[in-house]
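Participant: this is a predicted model, with the sequence first.
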There are 2 protein chains.
Amino acid sequence: MMDPNPSLEYAAARQDQSLDELKELLRIPSISTLPEHKPEMRRAAEWLAARMKEAGLSSVKVMPTDGHPVVYGERKQAGPEKPTVLVYGHYDVQPVDPLELWISDPFEPEVRGEDLFARGASDMKGQVMASLWAAEAWLKTSALPLNIKFLIEGEEEIGSPNLRPFLEAHGELLASDLCLNCDSNILSADIPSIVYGLRGLAYFEIRMQGPAGDLHSGTFGGAVPNPANILCRLIAGMHDSEGRVTLPGFYDSVRPLAAEERHQLGQLPYDDAWWMKTSGAPALSGEAGYSATERASARPTLDVNGLLSGFTGAGSKTVLPSKAMAKISMRLVPDQRPEQVAEALDAYLRHHAPPTVTWEVIHWASAVPSILERDSEAVKAAIRAQQTVWGRAPMYSRQGGTVPVVGMIEEALGVKTLMMGFGLPDDNLHAPNEKFHVPNYRRGIQAYIRFFSEYAG
Amino acid sequence: MMDPNPSLEYAAARQDQSLDELKELLRIPSISTLPEHKPEMRRAAEWLAARMKEAGLSSVKVMPTDGHPVVYGERKQAGPEKPTVLVYGHYDVQPVDPLELWISDPFEPEVRGEDLFARGASDMKGQVMASLWAAEAWLKTSALPLNIKFLIEGEEEIGSPNLRPFLEAHGELLASDLCLNCDSNILSADIPSIVYGLRGLAYFEIRMQGPAGDLHSGTFGGAVPNPANILCRLIAGMHDSEGRVTLPGFYDSVRPLAAEERHQLGQLPYDDAWWMKTSGAPALSGEAGYSATERASARPTLDVNGLLSGFTGAGSKTVLPSKAMAKISMRLVPDQRPEQVAEALDAYLRHHAPPTVTWEVIHWASAVPSILERDSEAVKAAIRAQQTVWGRAPMYSRQGGTVPVVGMIEEALGVKTLMMGFGLPDDNLHAPNEKFHVPNYRRGIQAYIRFFSEYAG
């Protein structure tokens, strides 16, 4: 293993410079969703490309897509026997509304206490710069112990609409052994953590129709099928009394949670009281036999996301609705597949929907779940890197949400992702007064420096 | 019984005049919901009061309310040993939009074939004039065999907001033995019928809340209660597998249908094919053991009228909604009471709603069901009157909808209502090209003339 000390010293000697540079990038209002910010998007990409060149990367280019460009840079001096890491990040940021709730200008970064406040500080220019600084620290002091490629996109905040075709078009350029996704967080400033599993998603809309048109509930009520009642009955039947999903075969591909993994998840500082306080729910519920943390991250779910039928204004209207609609999504865990649960939903409806209604299902969105084995080289290297920097072992966690780019990269490039970023849960992502904890920026640079040598072996 | 023949001859000799007068009333655009038509409302009331005086009624007056006035007239010569009938009608009409779909001007009545086309022809100026002509025919030829009072309101099409206080303020003036509500129809031009029962209504909104605010379904899904799923489960549980309502005590006050009554309802020309064709539903459903006609008119129901929760736009949004709302109405049959089923709903929710949600129920609307015994003097008199005029026995039917004024009159005056009007199911009520079948106008006058003597005994 290469000695990281000179790299760590290089970074430590340039703490002010690295913070100033982050501020410089944060001053560019690269809001991807606003068409009038297109020049700013270009400016951020160009700034980043120039910075990559200074860091010692080669083949740096601003690559066009049908939307905002991707910034690419690489350094492949470690040779083919060493692993190649694809660092993923994004340089676009969320809009800033409501502006009046910001204490300081979102695009004039300001350090207050130990936090740097600016739009994009934690999501995720701070982590783009930390990973770039880690690469530079190696490149300016000794050889980078592995091959590295940077893929920094400009459309993450709008759903990465052009990333998948970009990945497919540049498979050779982006070929790698591991993706390091820096768009992530740790449990708290003092508790590092590794997200080794992400849930997937399958999102559906059920459209149900009974009578040809809305009817008077007095004249027809009782004789004519009410699609709203029927839809409620079908949705109710999708769970049993123990909170398990009843769709046929729904759990067939679910990896069981081993006792050791459950023990690790049980160490996370999220007890029932935490879930109740954070959600504001009067009580918790869910699949019997699992903790709230397990149910929210390591077990699959089926939730209604929307309901609409008939009259929804103030007061009363005695309509027997002809239509009823439900948005239903399932969070998937390894090794479930969106197309499997889509078929399970369809089979359930074919079997249980009565002949009094017609129905169709629209499959709006899909994302595969993903998991990186806790005993894989990547996870073990990340554990060692964080342990050294923080002086304590990181916790293992699984994330209940979906990071669509992880599934995209796995499917398009065949590359697994390690999530390792250094945001905090209270960084106000997508909200006013977004911040990045400055000590995390510094520890993040150190952790990436160490990860590169740990993973290179 | 008084001989109706001179009265019938009086009416028969004035067929053109009675039709011309109806047209005159129809030319007044008395649309109660349009503020700019207030002068027309007044004009219609004054016209009707003048016409009542000409007919031989006394104490005729246009009586103020907080909205449009009531027209009142009476004739009490039959003496206290004879019954008093309160004739109910309304002189207001629905708006005419969309005007471009009318073949002729809605306020320039036109006879095409055997139908008179105009807004308000069937709903219900035709029947107001028919009942008034029947009274005049008696008054101008011999003594009216019973005491009569006319109550013609101007706000039926806007929900009679001022009628209840009017009834309560004038209880003595309006005291009577029976209300004859002419705002009704028969099965077809050749098949007279008696509506002897009306369903009531209890209309609720359930508002359910789980978490304090909308949550991300990835981060929280599985651990936190979803009020939309829970509301669906609660609604599903409101019916059993046989289509019966499960609210505790829901059927306790329901009058059973006797075999003879079921036989009579079975004679109505509404078989399953008719219900399917009329509703456009792919199949029928409802309470086991009853025909569609019975389920839609003589059995109580529970229907969802509206559902709303979470995200209802196009596409997907992975929200775990904090709130879910359902509008739920029950159609009631004698002797159910709205307050009883309100308590039953509350008891059901108290027992079945889980502690993971909070909820409240808003009781938006109520109407008591009503029934006039088929062997009552009023129904028997109506049967004899229709049988003589049409040459065939009328059918007995119950109406699935609610006529709120019937409940109001029963509650405020303690008077039962006989529904006897002569509209047809295809008269385009509330729609373009409203019409009244001219032979029904003539037979209606005859039927009211005969009913007055039949009921007087």
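Facilitator: Noted; the coordinates are in hand.
Participant: can you report phi and psi for residue A:52?
Facilitator: Backbone torsions for residue A:52, taken as degrees, to the nearest 10, come to phi -60, psi -40.
Participant: residues near residue A:271, how many?
Facilitator: 13 (other Cβ atoms under 10 Å in any protein chain shown). The C-beta positions use only the backbone N, C-alpha and C, and glycine is treated the same way.
Participant: let me see the contact set for it.
Facilitator: Residue A:271 is in contact with residue A:292, counting by Cβ atoms under 8 Å, 6 or more residues apart in numbering or on different chains.
Participant: distance of it relative to residue B:216?
Facilitator: According to Cβ to Cβ, to the nearest Å, residue A:271 stands 20 Å off from residue B:216.
Participant: equivalent analysis for residue A:299, please.
Facilitator: With distances taken as Cβ to Cβ, residue A:299 is found 16 Å from residue B:216.
Participant: quick one: residues contacting residue A:63.
Facilitator: Shown in contact with residue A:63 (Cβ under 8 Å, 6+ apart): A:69-72, A:166, A:170.
Participant: in helices, which of the residues you listed fall?
Facilitator: Secondary structure from DSSP state H places residue A:166 of these in helices.
Participant: residue A:299 and residue B:216: which is more packed in?
Facilitator: More neighbours surround residue A:299 than the other of residue A:299 and residue B:216, with 27 against 12 (other Cβ under 10 Å).
Participant: mind checking how far residue A:370 is from chain B?
Facilitator: Counting by Cβ to the nearest Cβ, to the nearest Å, the gap from residue A:370 to chain B is 13 Å.
Participant: what pairs with that residue across the strands?
Facilitator: Per DSSP bridges, the residues bridged to residue A:370 are residue A:198.
Participant: buried stuff in stretch A:142-149?
Facilitator: A:142, A:144-149 (16 or more other Cβ atoms under 10 Å in any protein chain shown).
Participant: do the same with stretch A:97-117
Facilitator: A:102, A:106-107, A:109, A:115-117.
Participant: with stretch A:281-290 instead?
Facilitator: For stretch A:281-290, a neighbour-count test (16+ other Cβ under 10 Å) marks A:281-282, A:284-287, A:290 as buried.
Participant: so which of these is the closest to residue A:27?
Facilitator: Nearest to residue A:27 among these is residue A:281, at 40.5 Å by Cβ to Cβ.
Participant: flag every residue of the stretch 101-250 of chain A that's near chain B.
Facilitator: Residues of the stretch 101-250 of chain A lying close to chain B (Cβ under 8 Å from any Cβ of the partner chain) are A:199, A:201, A:203, A:210-213, A:215-226, A:228-229, A:231-233, A:235-237, A:239.
Participant: tell me the buried residues within the residues you listed.
Facilitator: The buried subset of these - by 16+ other Cβ under 10 Å - is A:199, A:201, A:203, A:210-211, A:215, A:217-226, A:228-229, A:231-233, A:235-236, A:239.
Participant: filter those down to the ones in helices?
Facilitator: A:217-220, A:228-229, A:231-233, A:235-236.
Participant: how about the nearest residue to residue A:356, chain neighbours excluded?
Facilitator: Spatial nearest neighbour of residue A:356, excluding adjacent residues (Cβ to Cβ, 6 or more residues apart in numbering or on different chains): residue A:225 at 3.4 Å.
Participant: and of the buried residues of stretch A:97-117, the nearest to residue B:138?
Facilitator: Nearest to residue B:138 out of those is residue A:102 (Cβ to Cβ; 83.0 Å).
Participant: now do the contacts for the closest residue to the closest one other than its chain neighbours.
Facilitator: Closest residue in space to residue A:102, ignoring its immediate chain neighbours: residue A:432 at 4.8 Å, by Cβ to Cβ, 6+ apart. Contact analysis of residue A:432 by Cβ under 8 Å, 6+ apart lists A:96, A:98-99, A:101-102, A:106.
Participant: in the residues you listed, find the pair that's most separated.
Facilitator: Farthest-apart pair in the contacts of residue A:432 is A:98 and A:106; separation 10.9 Å (Cβ to Cβ).
Participant: which of the contacts of residue A:432 has the weakest pLDDT?
Facilitator: Among the contacts of residue A:432, residue A:98 has the lowest pLDDT, at 88.
Participant: need the nearest residue in space to it, chain neighbours excluded.
Facilitator: In space, residue A:98 is closest to residue A:432, 6.5 Å off (Cβ to Cβ, 6+ apart).
Participant: do residue A:455 as well
Facilitator: Excluding its sequence neighbours, the residue lying closest to residue A:455 (Cβ to Cβ, 6+ apart) is residue A:381, at 3.9 Å.
Participant: with residue A:242 instead?
Facilitator: Take residue A:242 and drop its neighbours on the chain: the residue closest to it by Cβ to Cβ, 6+ apart is residue A:288, 4.0 Å away.
Participant: that neighbour and residue A:244 touch, don't they?
Facilitator: Yes. Applying Cβ atoms under 8 Å, one finds residue A:288 in contact with residue A:244, separated by 7.3 Å.
Participant: ranges for the helices of chain A?
Facilitator: With DSSP H as the criterion, chain A has helices spanning A:5-12, A:15-26, A:38-55, A:126-139, A:163-169, A:217-220, A:227-236, A:259-266, A:272-279, A:292-297, A:338-352, A:377-390, A:404-413, A:438-456.
Participant: list the buried residues for the fifth one?
Facilitator: Looking back up the chat, that one is helix A:163-169. Neighbour-count burial for helix A:163-169 [16+ other Cβ under 10 Å]: A:163-164, A:166-167.
Participant: which pair in those residues spans the largest distance?
Facilitator: It's A:164 and A:166 that sit farthest apart of those, by Cβ to Cβ, at 7.1 Å.
Participant: residues near the residue of the stretch 251-400 of chain A found nearest chain B, how many?
Facilitator: Nearest residue of the stretch 251-400 of chain A to chain B (Cβ to the nearest Cβ) works out as residue A:280 at 2.4 Å. Residues near residue A:280, counting by other Cβ under 10 Å, number 14.
Participant: just give the closest residue to it, not the sequence neighbours.
Facilitator: residue B:212 (2.4 Å).
Participant: let me know the pLDDT of the one you found.
Facilitator: Listed pLDDT for residue B:212 reads 92.
Participant: and it, what does it touch?
Facilitator: By Cβ under 8 Å, 6+ apart, the contact set of residue B:212 is A:279-281, B:322.
Participant: and the residue of the stretch 251-400 of chain A closest to chain B, backbone torsions?
Facilitator: With angles defined as degrees, to the nearest 10, residue A:280 sits at phi 70, psi 10.
Participant: which ones are touching it?
Facilitator: Contacts for residue A:280 (Cβ under 8 Å, 6+ apart) come out as B:211-213, B:322.
Participant: tell me who's in contact with the residue nearest to residue A:455.
Facilitator: Taking Cβ under 8 Å, 6+ apart as the test, what residue A:381 contacts is A:451, A:454-455.
Participant: among those residues, which ones are buried?
Facilitator: Buried among the contacts of residue A:381 by 16+ other Cβ under 10 Å: A:451, A:454-455.
Participant: dump the residues you listed into TSV; add pLDDT as well.
Facilitator: Formatted as TSV, the entries for the buried ones among the contacts of residue A:381 read as follows, by pLDDT from 0 to 100:
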residue	pLDDT
A:451	98
A:454	97
A:455	97
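Participant: which among those gets closest to chain B?
Facilitator: residue A:451 (25.9 Å).
Participant: please name the nearest non-neighbouring residue to that closest one.
Facilitator: Of all residues beyond its chain neighbours, the one nearest residue A:451 is residue A:385 (4.1 Å), with distances taken as Cβ to Cβ, 6+ apart.
Participant: domain ranges for chain A?
Facilitator: Domain ranges of chain A: A:5-198+A:369-456, A:200-263+A:297-367, per automatic domain parsing.
Participant: which among the ones you listed is found nearest to residue B:16?
Facilitator: Closest approach to residue B:16 among those (Cβ to Cβ): domain A:200-263+A:297-367, 36.0 Å.
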